[in-house]
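**Student:** Fold the following for me, if possible:
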Amino acid sequence: MSRLEAITTTDPAQLAAEIVAAALIEAVSERGRFLMVLAGGRTPEPLYRRLSDRSDLPWDRVHLFWGDERFVPSDHAASNARSVREALVDRVPVPAEHVHPWPIMETANASAAAYAATIIGTAGDPPKFDLSLLGLGADCHTASLFPGTGAHASPGITLASRPAAAVGERLSLTAGALSRSLITVFLVTGPEKRGALAGLLDESGDPDTCPARAIGARERLMLLTDQPLPV
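**Tutor:** Just a heads-up that it's a prediction; the model follows:
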């Protein structure tokens, strides 16, 4: 795991928005585009709302991917694609062809294979993302990499699984693919995450117990939280 830069702040969403905006502007200036991996769930929604207010950003140069997904139709209430579309994608002028949600096909394995091909075609093999946004579950899972499953060590770019800790099948980028980001940001809020924070910050921790510890970054690995850091 790369060295983790942990920051406690009263407003993680605002700080994350500033980090994303700065990275976006720099990437577009230097490479002509910005490739971002999004997280689902409620935690990043305030961040997405703040970003959606940034009409000054070059949204036409942005490509959006999803770190994980539930194997459900894209209009399902549990779909990460749906929640992020409502909070961000439908509120900013990102070209439709730059939005890359997980395809939901006949099987989860087929969906994972198809998404790997999409990522390779856009971000390369191995992929090079500019920024990945990740959450942290109370059990120390991240994306859909769950403890006790060995998912943190899965090869390749994507995987499909049916973890006992989750309802239904899951689709996820692998730890290796997520770690190909220049910047990786864990956004963690709420007192129920304190145990997981301790696991993430434990340098001797086992990534099979805390899969989030398997995630790295090519340049900066960051944790933004509104909780006190374990001592």
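
**Student:** just the strands in the chain please.
**Tutor:** Counting by DSSP state E, the chain has strands at residues 4-8, 34-38, 62-66, 68-70, 99-100, 131-134, 158-161, 170-173, 183-188, 220-225.

**Student:** Now mean neighbour count and mean pLDDT too, for the ones you listed, in CSV please.
**Tutor:** Placement of C-beta: from N, CA and C, glycine included. What follows is the strands of the chain, written out as CSV (neighbours: other C-beta atoms under 10 Å; pLDDT from 0 to 100):
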stretch, mean neighbour count, mean pLDDT
strand 4-8, 15, 96
strand 34-38, 25, 98
strand 62-66, 21, 98
strand 68-70, 25, 96
strand 99-100, 19, 98
strand 131-134, 25, 98
strand 158-161, 22, 96
strand 170-173, 28, 98
strand 183-188, 25, 98
strand 220-225, 21, 98
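
**Student:** Need those in CSV (columns: distance to residue 204).
**Tutor:** Output for these, formatted as CSV (distance: least, C-beta to C-beta, whole Å):
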stretch, distance to residue 204
strand 4-8, 14
strand 34-38, 28
strand 62-66, 31
strand 68-70, 27
strand 99-100, 37
strand 131-134, 21
strand 158-161, 26
strand 170-173, 25
strand 183-188, 19
strand 220-225, 17
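
**Student:** so which of those strands comes closest to residue 47?
**Tutor:** For the strands of the chain, proximity to residue 47 was assessed by C-beta to C-beta; strand 183-188 is nearest, at 6.6 Å.

**Student:** Adjacent strands (with direction) for that closest one?
**Tutor:** Strand 183-188 sits in its sheet next to strand 131-134 (parallel), strand 220-225 (parallel), going by DSSP bridges.

**Student:** Contact partners for residue 152?
**Tutor:** When contacts are counted by C-beta atoms under 8 Å, 6 or more residues apart in numbering, residue 152 touches 145, 175, 207-208, 211, 213-214.

**Student:** Point out where the protein drops to low pLDDT.
**Tutor:** 1 (pLDDT under 70).

**Student:** which outside residues touch the longest helix that it contains?
**Tutor:** Longest helix in the chain by number of residues (criterion: DSSP state H): helix 12-31. Here helix 12-31 makes contact (C-beta under 8 Å, 6+ apart) with 7, 9, 33-36, 44, 46-47, 49-51, 54, 57-58, 61-62, 130-131, 133, 182-183, 185, 187-189, 222, 224-226.

**Student:** Just the C-alphas of it, formatted as CSV.
**Tutor:** Coordinates of each C-alpha in helix 12-31 appear next as CSV, following Å, rounded to 0.1, in the frame of the first residue of the first chain:
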residue,chain,number,x,y,z
PRO,A,12,-14.7,16.4,3.7
ALA,A,13,-16.9,17.0,0.7
GLN,A,14,-15.7,20.5,0.2
LEU,A,15,-12.1,19.6,0.5
ALA,A,16,-12.6,16.6,-1.9
ALA,A,17,-14.3,19.0,-4.4
GLU,A,18,-11.3,21.3,-4.3
ILE,A,19,-8.9,18.3,-4.9
VAL,A,20,-11.0,17.0,-7.8
ALA,A,21,-11.3,20.4,-9.4
ALA,A,22,-7.6,21.1,-9.2
ALA,A,23,-6.7,17.6,-10.5
LEU,A,24,-9.2,18.0,-13.4
ILE,A,25,-7.8,21.4,-14.4
GLU,A,26,-4.2,20.1,-14.3
ALA,A,27,-5.0,16.9,-16.2
VAL,A,28,-6.8,18.7,-19.0
SER,A,29,-4.0,21.3,-19.2
GLU,A,30,-1.3,18.6,-19.4
ARG,A,31,-3.0,15.7,-21.2
